[in-house]
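Q: need a 3D model of the following:
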Amino acid sequence: MRYTLEQARILAGLTQIEMAEKMNMSEKTYIQYEKYRRILRMDQGYEFAKNVNVPFDSIIFFAGQVQKFCSFNELTCTI
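A: Residues are numbered from 1 along each chain as shown. Predicted coordinates for the structure are as follows:
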């Protein structure tokens, strides 16, 4: 299964504000990552995966992958 940033965060039971705090960034900046307007650096991606307790390779970090794998009506994405 693959998860968008938003789906992984929700599965972890975190709000956008809580995730932004864990990632040491503003809520506004975090939201830009979650909406795929910005791309997380590799180190930020690993930190994100650690915070949501989802394997790094199960998280969709790029917008093009979202369209390829996900149905936003479901909580998970399939390959």
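Q: so which elements touch the longest helix along the chain?
A: Longest helix in the chain by number of residues (criterion: DSSP state H): helix 42-52. Applying 3 or more CB pairs under 8 Å, 6 or more residues apart in numbering; DSSP states H and E, one finds that helix 42-52 contacts helix 5-11, helix 16-22. From N, CA and C alone the C-beta is placed, and that goes for glycine too.
Q: any idea how far it is from the chain center?
A: For helix 42-52, the separation from the chain centroid amounts to 9 Å (computed by CA atoms, centre = their mean, to the nearest Å).
Q: dump the helices and strands packed on helix 42-52 to CSV, plus mean neighbour count.
A: Shown next, in CSV, are these (neighbours: other CB atoms under 10 Å):
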stretch, mean neighbour count
helix 5-11, 19
helix 16-22, 16
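Q: out of the ones you listed, the one nearest residue 47 is which?
A: Closest of the helices and strands packed on helix 42-52 to residue 47 is helix 16-22, at 7.9 Å (criterion: CB to CB).
Q: just want the angle from the next helix or strand after the closest one to helix 42-52.
A: Counting by DSSP states H and E, the next helix or strand C-terminal to helix 16-22 is helix 27-34. Helix 27-34 and helix 42-52 meet at an angle of 100 degrees, taking axes from the mean of the first three to the mean of the last three CA atoms, to 10 degrees as the criterion.
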